[in-house]
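Undergrad: for reference, the sequence and a predicted model appear below.
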Amino acid sequence: MKSACYLLFGTLLYYLTIVEAGRLPQVDLGYEIHEATTYNATTQLYAFNNIRYAQPPIGDLRFSAPVPPTGRNTTVQKSTGDRICPPAQEDWGCAGYLFGRDFEYGNTSEYNYTYATEECKPVNDLGAEILLNHTGISEDCLFLDVVVPRAVFDQRNSSGSGAPVFVWIHGGGYVFGYKNDPNDSGDPSALIKASQSDYSDGMIFVAINYRLGAFGWLAGPSLDAANGTANAGLHDQRLALEWVQENIHRFGGDPKQVTIGGLSAGGGSTVHQITAYGGQKPVPFARAFSNSAGYFPIDSHYVTENTTQTFLARLNVSTIDEARKLPSSDLITANMDHVRSATFGFVYGPVVDGSFVPALPGNSLLAGHFDHNLDVLVSHVTHEGGEYNAPWVQNDADFRTLLKLLQPGMLDPVIEYITKMFPGVGPLRTIPFLGDYVFTCNTNWLARAFGNKTYNWEFAITPAYHAYDLGYIFPGSYSAPVIEPLAKIMRGYIANFVKTGNPNGKGLPSFPQQGNNASHNVFTKDGVVTERDSTVGRRCEWMQEGLWV
(Lines give C-alpha, C1' and ligand atoms only; values in the text may rest on other atoms or scores of the structure.)
Protein backbone atom coordinates (compact mmCIF):
# COMPACT_ATOMS: atom_id res chain seq x y z
CA MET A 1 0.00 0.00 0.00
CA LYS A 2 2.85 2.33 0.89
CA SER A 3 4.60 1.67 -2.44
CA ALA A 4 1.33 2.33 -4.29
CA CYS A 5 1.04 5.72 -2.57
CA TYR A 6 4.62 6.55 -3.55
CA LEU A 7 3.84 5.52 -7.14
CA LEU A 8 0.71 7.69 -7.27
CA PHE A 9 2.59 10.64 -5.74
CA GLY A 10 5.39 10.19 -8.25
CA THR A 11 2.97 10.11 -11.16
CA LEU A 12 1.24 13.29 -10.01
CA LEU A 13 4.59 15.00 -9.45
CA TYR A 14 5.71 14.01 -12.95
CA TYR A 15 2.65 15.52 -14.63
CA LEU A 16 2.83 18.64 -12.48
CA THR A 17 6.45 19.04 -13.60
CA ILE A 18 5.77 18.67 -17.32
CA VAL A 19 2.79 21.05 -17.19
CA GLU A 20 4.79 23.69 -15.36
CA ALA A 21 7.64 23.21 -17.82
CA GLY A 22 5.31 23.89 -20.71
CA ARG A 23 5.32 20.30 -21.93
CA LEU A 24 2.01 18.48 -22.10
CA PRO A 25 1.27 14.75 -21.77
CA GLN A 26 1.01 12.39 -24.70
CA VAL A 27 -1.23 9.42 -25.47
CA ASP A 28 -0.14 6.53 -27.67
CA LEU A 29 -3.07 5.45 -29.86
CA GLY A 30 -1.13 2.79 -31.71
CA TYR A 31 -1.43 4.38 -35.13
CA GLU A 32 -0.09 7.70 -33.79
CA ILE A 33 1.03 9.47 -30.62
CA HIS A 34 -1.10 12.49 -29.76
CA GLU A 35 0.01 15.28 -27.44
CA ALA A 36 -2.42 17.46 -25.49
CA THR A 37 -3.06 20.77 -27.21
CA THR A 38 -3.74 22.84 -24.11
CA TYR A 39 -4.00 22.70 -20.34
CA ASN A 40 -6.25 25.16 -18.50
CA ALA A 41 -4.85 25.72 -15.01
CA THR A 42 -8.13 27.26 -13.79
CA THR A 43 -10.44 24.45 -14.88
CA GLN A 44 -7.67 21.84 -14.70
CA LEU A 45 -8.70 20.40 -18.05
CA TYR A 46 -6.53 18.92 -20.76
CA ALA A 47 -7.74 19.32 -24.33
CA PHE A 48 -6.53 16.85 -26.94
CA ASN A 49 -7.73 18.49 -30.14
CA ASN A 50 -7.99 17.15 -33.67
CA ILE A 51 -7.38 13.47 -33.05
CA ARG A 52 -7.74 11.56 -36.29
CA TYR A 53 -10.26 8.71 -36.11
CA ALA A 54 -10.50 7.90 -39.83
CA GLN A 55 -8.45 8.07 -42.99
CA PRO A 56 -9.04 11.14 -45.18
CA PRO A 57 -12.37 10.52 -46.99
CA ILE A 58 -11.06 11.62 -50.37
CA GLY A 59 -10.51 10.01 -53.76
CA ASP A 60 -12.02 6.54 -53.82
CA LEU A 61 -13.22 7.04 -50.23
CA ARG A 62 -15.43 9.99 -51.15
CA PHE A 63 -19.11 9.27 -50.53
CA SER A 64 -18.19 5.95 -48.87
CA ALA A 65 -18.08 4.58 -45.34
CA PRO A 66 -15.08 5.84 -43.34
CA VAL A 67 -11.99 3.67 -42.90
CA PRO A 68 -10.01 3.54 -39.62
CA PRO A 69 -6.41 4.79 -39.59
CA THR A 70 -3.76 2.17 -40.31
CA GLY A 71 -0.01 1.90 -39.95
CA ARG A 72 2.07 3.93 -37.54
CA ASN A 73 2.80 7.65 -37.73
CA THR A 74 5.99 8.19 -35.74
CA THR A 75 5.66 11.99 -35.65
CA VAL A 76 4.02 13.18 -32.42
CA GLN A 77 0.72 14.86 -33.30
CA LYS A 78 -0.16 18.16 -31.61
CA SER A 79 -2.78 19.89 -33.66
CA THR A 80 -4.13 23.40 -33.24
CA GLY A 81 -6.73 25.29 -35.21
CA ASP A 82 -10.10 24.16 -36.49
CA ARG A 83 -10.88 21.05 -38.51
CA ILE A 84 -14.18 21.61 -40.30
CA CYS A 85 -15.99 19.36 -42.75
CA PRO A 86 -17.09 21.38 -45.83
CA PRO A 87 -20.28 23.20 -44.74
CA ALA A 88 -23.21 24.91 -46.42
CA GLN A 89 -26.10 27.12 -45.33
CA GLU A 90 -29.66 27.39 -46.61
CA ASP A 91 -31.18 30.78 -47.48
CA TRP A 92 -34.74 30.44 -46.22
CA GLY A 93 -33.95 30.16 -42.50
CA CYS A 94 -33.38 33.85 -41.73
CA ALA A 95 -36.81 34.99 -42.95
CA GLY A 96 -38.43 32.08 -41.14
CA TYR A 97 -36.71 33.15 -37.94
CA LEU A 98 -37.91 36.76 -38.27
CA PHE A 99 -41.44 35.57 -38.93
CA GLY A 100 -41.41 33.23 -35.95
CA ARG A 101 -39.95 35.94 -33.71
CA ASP A 102 -42.69 38.38 -34.64
CA PHE A 103 -45.28 35.68 -34.08
CA GLU A 104 -43.98 34.96 -30.60
CA TYR A 105 -44.04 38.61 -29.63
CA GLY A 106 -47.44 39.32 -31.22
CA ASN A 107 -46.25 41.45 -34.13
CA THR A 108 -47.57 39.39 -37.03
CA SER A 109 -49.99 42.10 -38.22
CA GLU A 110 -47.00 44.29 -39.06
CA TYR A 111 -44.95 41.54 -40.64
CA ASN A 112 -43.86 41.92 -44.27
CA TYR A 113 -42.38 38.68 -45.58
CA THR A 114 -41.05 40.22 -48.80
CA TYR A 115 -39.24 42.92 -46.87
CA ALA A 116 -37.85 40.38 -44.39
CA THR A 117 -36.54 38.22 -47.24
CA GLU A 118 -34.64 41.19 -48.66
CA GLU A 119 -33.39 42.03 -45.18
CA CYS A 120 -32.00 38.51 -44.88
CA LYS A 121 -30.19 38.51 -48.22
CA PRO A 122 -27.00 40.34 -47.12
CA VAL A 123 -26.92 38.24 -43.96
CA ASN A 124 -27.11 35.02 -45.97
CA ASP A 125 -24.51 36.24 -48.47
CA LEU A 126 -22.12 37.12 -45.67
CA GLY A 127 -22.73 33.76 -44.00
CA ALA A 128 -21.95 31.90 -47.22
CA GLU A 129 -18.75 33.89 -47.70
CA ILE A 130 -17.61 33.13 -44.15
CA LEU A 131 -18.35 29.42 -44.56
CA LEU A 132 -16.48 29.12 -47.83
CA ASN A 133 -13.43 31.10 -46.68
CA HIS A 134 -12.84 29.52 -43.27
CA THR A 135 -9.24 28.33 -43.14
CA GLY A 136 -10.11 25.10 -41.33
CA ILE A 137 -12.38 23.68 -44.04
CA SER A 138 -11.13 20.47 -45.64
CA GLU A 139 -12.49 17.14 -46.81
CA ASP A 140 -9.88 15.62 -44.51
CA CYS A 141 -12.01 16.43 -41.49
CA LEU A 142 -12.75 13.23 -39.59
CA PHE A 143 -11.25 14.26 -36.28
CA LEU A 144 -12.46 14.43 -32.69
CA ASP A 145 -11.57 16.30 -29.51
CA VAL A 146 -11.12 14.84 -26.03
CA VAL A 147 -11.40 17.15 -23.01
CA VAL A 148 -10.42 15.40 -19.80
CA PRO A 149 -10.02 16.56 -16.19
CA ARG A 150 -6.45 16.32 -15.07
CA ALA A 151 -7.43 14.20 -12.06
CA VAL A 152 -9.06 11.67 -14.39
CA PHE A 153 -6.13 11.64 -16.81
CA ASP A 154 -3.57 11.20 -14.03
CA GLN A 155 -5.32 8.03 -12.86
CA ARG A 156 -5.79 6.47 -16.28
CA ASN A 157 -3.37 3.63 -15.64
CA SER A 158 -4.74 2.72 -12.23
CA SER A 159 -6.88 -0.35 -11.61
CA GLY A 160 -10.07 1.74 -11.40
CA SER A 161 -12.89 1.42 -13.89
CA GLY A 162 -12.40 4.89 -15.33
CA ALA A 163 -14.54 8.00 -15.63
CA PRO A 164 -17.88 8.32 -17.45
CA VAL A 165 -17.72 9.73 -20.97
CA PHE A 166 -20.05 12.11 -22.80
CA VAL A 167 -19.78 12.11 -26.61
CA TRP A 168 -21.38 15.16 -28.25
CA ILE A 169 -22.65 15.14 -31.85
CA HIS A 170 -22.95 18.72 -33.09
CA GLY A 171 -26.04 20.14 -34.78
CA GLY A 172 -26.42 22.22 -37.92
CA GLY A 173 -29.10 20.62 -40.07
CA TYR A 174 -26.61 18.01 -41.36
CA VAL A 175 -25.06 20.73 -43.55
CA PHE A 176 -22.99 22.94 -41.22
CA GLY A 177 -21.32 23.03 -37.80
CA TYR A 178 -18.23 21.33 -36.38
CA LYS A 179 -17.00 19.64 -33.23
CA ASN A 180 -15.79 22.71 -31.32
CA ASP A 181 -18.06 25.29 -32.93
CA PRO A 182 -18.35 28.20 -30.44
CA ASN A 183 -22.07 28.36 -31.33
CA ASP A 184 -22.50 24.75 -30.27
CA SER A 185 -20.36 22.87 -27.75
CA GLY A 186 -17.30 25.11 -27.97
CA ASP A 187 -16.68 25.22 -24.21
CA PRO A 188 -17.69 22.11 -22.22
CA SER A 189 -15.96 23.23 -19.02
CA ALA A 190 -19.18 24.23 -17.20
CA LEU A 191 -20.75 20.86 -17.98
CA ILE A 192 -17.65 19.04 -16.78
CA LYS A 193 -17.65 21.18 -13.64
CA ALA A 194 -21.24 20.10 -13.00
CA SER A 195 -20.07 16.49 -13.11
CA GLN A 196 -17.63 17.31 -10.30
CA SER A 197 -20.23 18.84 -7.98
CA ASP A 198 -20.24 15.65 -5.87
CA TYR A 199 -16.45 16.09 -5.38
CA SER A 200 -15.68 13.33 -7.86
CA ASP A 201 -13.10 13.73 -10.61
CA GLY A 202 -15.88 14.26 -13.15
CA MET A 203 -16.43 13.08 -16.69
CA ILE A 204 -14.60 13.14 -20.03
CA PHE A 205 -16.09 15.13 -22.90
CA VAL A 206 -15.64 14.06 -26.52
CA ALA A 207 -16.81 16.07 -29.54
CA ILE A 208 -16.77 14.63 -33.06
CA ASN A 209 -16.84 15.78 -36.66
CA TYR A 210 -18.82 13.99 -39.35
CA ARG A 211 -19.24 14.69 -43.05
CA LEU A 212 -21.87 17.25 -44.03
CA GLY A 213 -24.11 17.97 -47.01
CA ALA A 214 -23.34 16.03 -50.18
CA PHE A 215 -20.10 14.72 -48.67
CA GLY A 216 -21.93 12.79 -45.96
CA TRP A 217 -25.52 12.33 -47.06
CA LEU A 218 -25.78 11.40 -50.73
CA ALA A 219 -27.96 8.35 -51.35
CA GLY A 220 -29.88 6.54 -54.07
CA PRO A 221 -29.32 3.89 -56.76
CA SER A 222 -26.53 5.78 -58.56
CA LEU A 223 -24.50 5.98 -55.35
CA ASP A 224 -25.12 2.29 -54.61
CA ALA A 225 -23.97 1.31 -58.10
CA ALA A 226 -20.70 3.19 -57.56
CA ASN A 227 -19.96 1.35 -54.28
CA GLY A 228 -20.82 4.45 -52.32
CA THR A 229 -22.41 4.43 -48.89
CA ALA A 230 -25.69 6.16 -48.12
CA ASN A 231 -25.72 8.04 -44.83
CA ALA A 232 -21.92 8.19 -44.74
CA GLY A 233 -22.27 10.82 -42.01
CA LEU A 234 -23.95 8.29 -39.72
CA HIS A 235 -21.17 5.82 -40.45
CA ASP A 236 -18.65 8.53 -39.52
CA GLN A 237 -20.38 8.96 -36.18
CA ARG A 238 -20.45 5.21 -35.59
CA LEU A 239 -16.73 4.86 -36.34
CA ALA A 240 -16.00 7.71 -33.92
CA LEU A 241 -18.04 5.91 -31.25
CA GLU A 242 -16.12 2.72 -31.92
CA TRP A 243 -12.90 4.72 -31.57
CA VAL A 244 -14.10 5.82 -28.14
CA GLN A 245 -14.75 2.21 -27.17
CA GLU A 246 -11.22 1.23 -28.20
CA ASN A 247 -9.24 4.22 -26.97
CA ILE A 248 -10.99 6.23 -24.25
CA HIS A 249 -9.36 4.17 -21.49
CA ARG A 250 -6.05 5.69 -22.58
CA PHE A 251 -7.41 9.04 -21.35
CA GLY A 252 -8.89 7.64 -18.13
CA GLY A 253 -12.40 6.93 -19.44
CA ASP A 254 -14.64 3.91 -18.99
CA PRO A 255 -15.87 2.50 -22.33
CA LYS A 256 -18.78 0.88 -20.49
CA GLN A 257 -20.04 4.28 -19.34
CA VAL A 258 -20.38 6.17 -22.60
CA THR A 259 -23.30 8.54 -23.18
CA ILE A 260 -23.99 10.03 -26.61
CA GLY A 261 -25.96 13.20 -27.12
CA GLY A 262 -26.58 16.17 -29.32
CA LEU A 263 -29.02 18.91 -30.24
CA SER A 264 -31.01 19.28 -33.47
CA ALA A 265 -29.12 17.28 -36.12
CA GLY A 266 -27.04 15.94 -33.22
CA GLY A 267 -30.22 14.81 -31.47
CA GLY A 268 -31.57 13.37 -34.71
CA SER A 269 -28.28 11.53 -35.20
CA THR A 270 -28.64 10.17 -31.67
CA VAL A 271 -32.07 8.74 -32.54
CA HIS A 272 -30.63 7.17 -35.70
CA GLN A 273 -27.77 5.64 -33.69
CA ILE A 274 -30.28 4.14 -31.25
CA THR A 275 -32.28 2.57 -34.10
CA ALA A 276 -29.24 1.68 -36.25
CA TYR A 277 -29.52 -1.61 -38.14
CA GLY A 278 -32.95 -2.14 -36.66
CA GLY A 279 -31.42 -3.13 -33.33
CA GLN A 280 -29.64 -6.14 -34.85
CA LYS A 281 -26.25 -4.85 -33.68
CA PRO A 282 -25.54 -3.67 -30.12
CA VAL A 283 -24.80 0.04 -29.90
CA PRO A 284 -21.37 1.24 -28.68
CA PHE A 285 -22.79 3.33 -25.84
CA ALA A 286 -24.82 2.82 -22.66
CA ARG A 287 -26.90 6.03 -22.47
CA ALA A 288 -28.34 8.58 -24.85
CA PHE A 289 -29.42 12.21 -24.50
CA SER A 290 -31.60 13.34 -27.41
CA ASN A 291 -32.04 17.12 -27.31
CA SER A 292 -34.59 18.55 -29.79
CA ALA A 293 -33.92 15.68 -32.20
CA GLY A 294 -34.42 16.92 -35.73
CA TYR A 295 -34.47 15.47 -39.25
CA PHE A 296 -36.69 15.70 -42.33
CA PRO A 297 -38.14 12.18 -42.84
CA ILE A 298 -36.96 10.80 -46.21
CA ASP A 299 -37.62 7.22 -47.29
CA SER A 300 -38.12 7.74 -51.04
CA HIS A 301 -35.54 6.47 -53.55
CA TYR A 302 -37.00 8.97 -56.00
CA VAL A 303 -36.16 11.86 -53.68
CA THR A 304 -32.66 10.60 -52.84
CA GLU A 305 -31.77 9.86 -56.46
CA ASN A 306 -33.08 13.22 -57.58
CA THR A 307 -30.90 14.93 -54.95
CA THR A 308 -27.83 13.01 -56.10
CA GLN A 309 -28.46 13.77 -59.78
CA THR A 310 -28.97 17.47 -59.03
CA PHE A 311 -25.64 17.59 -57.22
CA LEU A 312 -23.84 15.79 -60.06
CA ALA A 313 -25.36 18.23 -62.56
CA ARG A 314 -23.97 21.15 -60.54
CA LEU A 315 -20.55 19.52 -60.88
CA ASN A 316 -21.10 19.07 -64.62
CA VAL A 317 -20.47 15.31 -64.34
CA SER A 318 -22.67 12.27 -64.91
CA THR A 319 -21.40 9.71 -62.40
CA ILE A 320 -20.19 9.35 -58.82
CA ASP A 321 -16.83 8.07 -60.09
CA GLU A 322 -16.35 11.27 -62.09
CA ALA A 323 -17.20 13.34 -59.03
CA ARG A 324 -14.57 11.44 -57.03
CA LYS A 325 -11.89 12.66 -59.41
CA LEU A 326 -12.71 16.37 -59.08
CA PRO A 327 -10.77 18.77 -56.82
CA SER A 328 -12.27 19.52 -53.41
CA SER A 329 -12.91 23.13 -54.31
CA ASP A 330 -15.38 22.12 -57.02
CA LEU A 331 -17.37 19.91 -54.66
CA ILE A 332 -17.33 22.44 -51.83
CA THR A 333 -18.76 25.14 -54.09
CA ALA A 334 -21.37 22.83 -55.64
CA ASN A 335 -22.44 21.63 -52.21
CA MET A 336 -22.88 25.20 -50.98
CA ASP A 337 -24.85 26.23 -54.07
CA HIS A 338 -27.07 23.15 -53.88
CA VAL A 339 -28.00 23.68 -50.24
CA ARG A 340 -28.63 27.40 -50.77
CA SER A 341 -30.98 26.63 -53.65
CA ALA A 342 -33.49 24.86 -51.42
CA THR A 343 -36.97 26.42 -51.44
CA PHE A 344 -37.57 25.02 -47.99
CA GLY A 345 -36.10 22.32 -45.78
CA PHE A 346 -32.60 20.91 -45.74
CA VAL A 347 -31.45 19.24 -48.93
CA TYR A 348 -29.37 16.65 -47.06
CA GLY A 349 -29.80 14.47 -44.02
CA PRO A 350 -30.44 10.86 -42.97
CA VAL A 351 -32.50 8.72 -45.36
CA VAL A 352 -33.87 5.19 -45.28
CA ASP A 353 -31.16 3.01 -46.86
CA GLY A 354 -32.28 -0.51 -45.91
CA SER A 355 -29.18 -1.08 -43.80
CA PHE A 356 -27.99 1.46 -41.22
CA VAL A 357 -31.43 3.07 -41.50
CA PRO A 358 -33.75 0.15 -42.36
CA ALA A 359 -36.85 2.29 -41.80
CA LEU A 360 -37.76 5.75 -40.56
CA PRO A 361 -36.73 5.90 -36.88
CA GLY A 362 -40.33 6.41 -35.78
CA ASN A 363 -41.30 3.16 -37.51
CA SER A 364 -38.35 1.31 -35.98
CA LEU A 365 -39.22 2.58 -32.51
CA LEU A 366 -42.86 1.61 -32.97
CA ALA A 367 -41.88 -1.90 -34.11
CA GLY A 368 -39.37 -2.37 -31.29
CA HIS A 369 -36.46 -2.55 -33.73
CA PHE A 370 -33.77 -0.79 -31.69
CA ASP A 371 -31.31 -1.45 -28.88
CA HIS A 372 -33.41 -1.61 -25.71
CA ASN A 373 -30.45 -1.76 -23.30
CA LEU A 374 -30.11 1.98 -22.86
CA ASP A 375 -30.86 4.76 -20.41
CA VAL A 376 -32.52 7.66 -22.23
CA LEU A 377 -32.85 11.39 -21.47
CA VAL A 378 -34.99 13.41 -23.90
CA SER A 379 -35.75 17.12 -24.24
CA HIS A 380 -37.50 19.56 -26.54
CA VAL A 381 -38.50 23.24 -26.59
CA THR A 382 -42.08 24.51 -26.72
CA HIS A 383 -41.88 26.18 -30.16
CA GLU A 384 -39.55 23.88 -32.10
CA GLY A 385 -40.99 25.10 -35.40
CA GLY A 386 -40.65 28.80 -34.56
CA GLU A 387 -37.49 29.40 -36.57
CA TYR A 388 -38.21 26.80 -39.23
CA ASN A 389 -41.75 27.75 -40.16
CA ALA A 390 -42.65 28.52 -43.79
CA PRO A 391 -43.76 32.18 -43.60
CA TRP A 392 -45.24 32.12 -47.11
CA VAL A 393 -47.92 29.65 -45.96
CA GLN A 394 -51.01 31.79 -45.35
CA ASN A 395 -53.98 29.56 -46.31
CA ASP A 396 -55.06 25.96 -46.96
CA ALA A 397 -53.75 25.99 -50.52
CA ASP A 398 -50.32 27.17 -49.37
CA PHE A 399 -50.29 24.51 -46.68
CA ARG A 400 -51.07 21.79 -49.21
CA THR A 401 -48.21 23.08 -51.35
CA LEU A 402 -45.90 22.86 -48.35
CA LEU A 403 -46.89 19.24 -47.73
CA LYS A 404 -46.21 18.33 -51.35
CA LEU A 405 -42.87 20.10 -51.17
CA LEU A 406 -41.85 18.12 -48.09
CA GLN A 407 -43.28 14.79 -49.27
CA PRO A 408 -43.64 14.69 -53.09
CA GLY A 409 -45.34 11.29 -52.98
CA MET A 410 -47.98 12.24 -50.42
CA LEU A 411 -51.47 11.21 -51.54
CA ASP A 412 -54.27 13.78 -51.71
CA PRO A 413 -56.43 12.12 -49.00
CA VAL A 414 -53.46 12.24 -46.62
CA ILE A 415 -52.83 15.89 -47.48
CA GLU A 416 -56.43 16.70 -46.62
CA TYR A 417 -56.22 14.74 -43.36
CA ILE A 418 -53.09 16.62 -42.22
CA THR A 419 -54.57 19.94 -43.32
CA LYS A 420 -57.49 19.30 -40.95
CA MET A 421 -55.20 17.98 -38.23
CA PHE A 422 -53.30 21.28 -38.18
CA PRO A 423 -55.87 24.07 -38.43
CA GLY A 424 -55.13 27.76 -38.14
CA VAL A 425 -53.70 30.59 -40.19
CA GLY A 426 -50.06 31.35 -40.97
CA PRO A 427 -47.69 30.60 -38.07
CA LEU A 428 -50.55 29.25 -35.95
CA ARG A 429 -50.47 26.29 -38.36
CA THR A 430 -46.90 26.05 -39.63
CA ILE A 431 -45.10 26.37 -36.30
CA PRO A 432 -46.89 23.43 -34.60
CA PHE A 433 -46.85 21.33 -37.78
CA LEU A 434 -43.16 21.75 -38.53
CA GLY A 435 -42.37 21.41 -34.85
CA ASP A 436 -44.06 18.01 -34.75
CA TYR A 437 -42.97 16.88 -38.23
CA VAL A 438 -39.27 17.62 -37.79
CA PHE A 439 -38.61 17.71 -34.03
CA THR A 440 -41.12 17.31 -31.23
CA CYS A 441 -42.69 13.94 -31.97
CA ASN A 442 -39.29 12.28 -31.73
CA THR A 443 -39.40 12.86 -27.97
CA ASN A 444 -42.81 11.23 -27.74
CA TRP A 445 -41.73 8.24 -29.82
CA LEU A 446 -38.61 7.63 -27.74
CA ALA A 447 -40.52 7.79 -24.45
CA ARG A 448 -43.18 5.32 -25.56
CA ALA A 449 -40.62 3.00 -27.20
CA PHE A 450 -38.76 2.69 -23.90
CA GLY A 451 -41.95 2.01 -21.95
CA ASN A 452 -42.09 5.56 -20.53
CA LYS A 453 -38.96 4.78 -18.50
CA THR A 454 -37.19 7.78 -19.99
CA TYR A 455 -36.58 11.17 -18.41
CA ASN A 456 -38.10 14.01 -20.44
CA TRP A 457 -37.98 17.77 -20.09
CA GLU A 458 -39.45 20.72 -21.98
CA PHE A 459 -37.78 24.12 -22.28
CA ALA A 460 -40.56 26.75 -22.11
CA ILE A 461 -38.65 29.98 -21.45
CA THR A 462 -39.75 32.62 -23.99
CA PRO A 463 -39.30 32.53 -26.89
CA ALA A 464 -38.63 28.79 -26.44
CA TYR A 465 -37.36 28.40 -29.98
CA HIS A 466 -35.32 25.55 -31.34
CA ALA A 467 -31.78 25.53 -29.86
CA TYR A 468 -32.51 28.36 -27.39
CA ASP A 469 -31.67 25.99 -24.56
CA LEU A 470 -28.17 25.32 -25.91
CA GLY A 471 -26.66 28.23 -23.98
CA TYR A 472 -27.95 26.63 -20.79
CA ILE A 473 -25.76 23.59 -21.50
CA PHE A 474 -22.70 25.25 -23.02
CA PRO A 475 -22.35 28.87 -21.78
CA GLY A 476 -21.73 31.37 -24.52
CA SER A 477 -22.81 29.01 -27.30
CA TYR A 478 -25.97 30.86 -28.29
CA SER A 479 -27.13 34.46 -28.31
CA ALA A 480 -30.29 33.95 -26.23
CA PRO A 481 -30.18 35.24 -22.62
CA VAL A 482 -29.55 32.60 -19.98
CA ILE A 483 -31.00 32.37 -16.46
CA GLU A 484 -27.93 31.00 -14.72
CA PRO A 485 -29.63 29.22 -11.76
CA LEU A 486 -31.74 27.26 -14.27
CA ALA A 487 -28.67 26.58 -16.41
CA LYS A 488 -26.97 25.01 -13.38
CA ILE A 489 -29.99 22.78 -12.88
CA MET A 490 -29.95 21.69 -16.53
CA ARG A 491 -26.24 20.97 -16.49
CA GLY A 492 -26.69 19.10 -13.21
CA TYR A 493 -29.38 16.90 -14.74
CA ILE A 494 -27.19 16.10 -17.74
CA ALA A 495 -24.06 15.43 -15.69
CA ASN A 496 -25.89 13.11 -13.30
CA PHE A 497 -27.45 11.25 -16.20
CA VAL A 498 -24.05 10.78 -17.87
CA LYS A 499 -22.64 9.42 -14.63
CA THR A 500 -25.50 7.22 -13.43
CA GLY A 501 -28.31 7.06 -16.00
CA ASN A 502 -30.49 9.07 -13.63
CA PRO A 503 -30.59 12.91 -13.74
CA ASN A 504 -31.65 13.28 -10.12
CA GLY A 505 -29.12 14.51 -7.60
CA LYS A 506 -28.53 16.53 -4.47
CA GLY A 507 -29.78 20.10 -4.67
CA LEU A 508 -31.78 19.58 -7.89
CA PRO A 509 -35.58 19.64 -8.33
CA SER A 510 -37.03 16.13 -8.41
CA PHE A 511 -37.04 14.65 -11.91
CA PRO A 512 -39.48 11.73 -12.29
CA GLN A 513 -39.42 9.22 -15.11
CA GLN A 514 -42.23 9.57 -17.62
CA GLY A 515 -44.14 6.68 -16.06
CA ASN A 516 -47.84 5.98 -16.54
CA ASN A 517 -48.69 9.65 -16.03
CA ALA A 518 -46.36 10.75 -18.86
CA SER A 519 -44.70 13.20 -16.49
CA HIS A 520 -41.97 15.56 -17.62
CA ASN A 521 -40.16 18.51 -16.13
CA VAL A 522 -40.71 21.95 -17.61
CA PHE A 523 -38.13 24.76 -17.47
CA THR A 524 -39.99 28.04 -16.98
CA LYS A 525 -38.56 31.46 -16.17
CA ASP A 526 -39.76 30.97 -12.58
CA GLY A 527 -38.24 27.53 -12.10
CA VAL A 528 -38.72 23.86 -12.89
CA VAL A 529 -42.18 22.29 -12.55
CA THR A 530 -43.45 18.78 -13.22
CA GLU A 531 -46.39 18.49 -15.62
CA ARG A 532 -47.97 16.04 -18.05
CA ASP A 533 -45.91 15.73 -21.24
CA SER A 534 -47.32 18.11 -23.84
CA THR A 535 -46.35 15.77 -26.72
CA VAL A 536 -48.78 13.07 -25.62
CA GLY A 537 -51.74 12.71 -27.95
CA ARG A 538 -53.09 11.30 -31.15
CA ARG A 539 -51.15 13.66 -33.43
CA CYS A 540 -47.68 12.23 -32.76
CA GLU A 541 -49.03 8.70 -32.58
CA TRP A 542 -50.65 9.04 -36.01
CA MET A 543 -47.52 10.60 -37.53
CA GLN A 544 -45.35 7.79 -36.19
CA GLU A 545 -47.19 5.24 -38.31
CA GLY A 546 -45.73 6.88 -41.40
CA LEU A 547 -48.97 6.88 -43.38
CA TRP A 548 -48.06 10.25 -44.85
CA VAL A 549 -44.85 9.19 -46.66
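TA: That came through fine. Residues are numbered from 1 along each chain as shown.
Undergrad: ok, Val148 touching Phe251?
TA: Yes. Between Val148 and Phe251 there is a contact under Cβ atoms under 8 Å: 4.9 Å. Bear in mind the C-beta positions are built from the backbone N, C-alpha and C, glycine included.
Undergrad: please enumerate the shared neighbours of these two.
TA: Taking Cβ atoms under 8 Å, 6 or more residues apart in numbering as the criterion, Val148 and Phe251 both touch 48, 204.
Undergrad: between those two, which one's more packed in?
TA: Taking other Cβ atoms under 10 Å, Val148 and Phe251 do not tie; Val148 has more neighbours (29 against 25).
Undergrad: what average pLDDT does the strand or helix carrying Trp168 get?
TA: In the assignment (DSSP states H and E), Trp168 maps to strand 163-169. The pLDDT scores in strand 163-169 average 98.
Undergrad: now for the spatially closest residue to Ile274 that is not a sequence neighbour, how many residues are close by?
TA: In space, and not counting its chain neighbours, Ile274 is closest to Phe370: 5.3 Å by Cβ to Cβ, 6 or more residues apart in numbering. Neighbour count for Phe370, taken as other Cβ under 10 Å: 24.
Undergrad: report the secondary structure state of the nearest residue to Ser300 once chain neighbours are set aside.
TA: Counting by Cβ to Cβ, 6+ apart, Ser300 lies nearest to Gly409, which is 5.8 Å off, once chain neighbours are set aside. Secondary structure state of Gly409, per DSSP: H, G, I helix; E, B strand; the rest coil, is coil.
Undergrad: so what pLDDT did Gly409 get?
TA: With respect to pLDDT, Gly409 has a value of 84.
Undergrad: use 388 as the first number from now on
TA: Right, with 388 as the first residue, what we last looked at is Gly796.
Undergrad: I'd say it and Tyr689 touch.
TA: Yes. Using Cβ under 8 Å, Gly796 is in contact with Tyr689, at 7.1 Å.
Undergrad: where in the stretch 388-537 of the chain is pLDDT low?
TA: Across the stretch 388-537 of the chain, the ranges flagged by pLDDT under 70 are 388-409, 479-520.
Undergrad: how about the strands in it?
TA: Assigned by DSSP state E, counting those that start in this stretch, the stretch 388-537 of the chain shows strands spanning 413-415, 419-422, 425-427, 432-439, 460-464, 530-536.
Undergrad: and the stretch 788-936 of the chain, by the same measure?
TA: Under DSSP E, counting those that start in this stretch, the stretch 788-936 of the chain gives strands at 842-846, 906-911, 914-919.
Undergrad: in TSV, list those strands along with mean pLDDT, mean neighbour count and distance to Glu932.
TA: Formatted as TSV, the strands of the stretch 788-936 of the chain follow (pLDDT from 0 to 100; neighbours: other Cβ atoms under 10 Å; distance: least, Cβ to Cβ, whole Å):
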stretch	mean pLDDT	mean neighbour count	distance to Glu932
strand 842-846	97	25	21
strand 906-911	97	22	23
strand 914-919	96	14	23
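Undergrad: of the ones you listed, which approaches Ile719 most closely?
TA: Proximity to Ile719 (Cβ to Cβ) singles out strand 842-846 among the strands of the stretch 788-936 of the chain, at 34.7 Å.
Undergrad: from the contact counts, what lies against that closest one?
TA: Counting contacts by 3 or more Cβ pairs under 8 Å, 6 or more residues apart in numbering; DSSP states H and E, strand 842-846 is packed against strand 762-768, helix 871-887, strand 906-911.
Undergrad: which residues sit against that strand?
TA: The contact list for strand 842-846 (Cβ under 8 Å, 6+ apart) reads 763-769, 830, 834, 855-856, 859, 880, 884, 889-890, 898-901, 907-910, 920-921.
Undergrad: show me the beta-bridge partners of Asn843.
TA: Beta-bridge pairing for Asn843 (DSSP bridges): Val765.
Undergrad: what's the neighbour count on the residue nearest to Ser687?
TA: Residues within reach of Gly796, counting by other Cβ under 10 Å, total 12.
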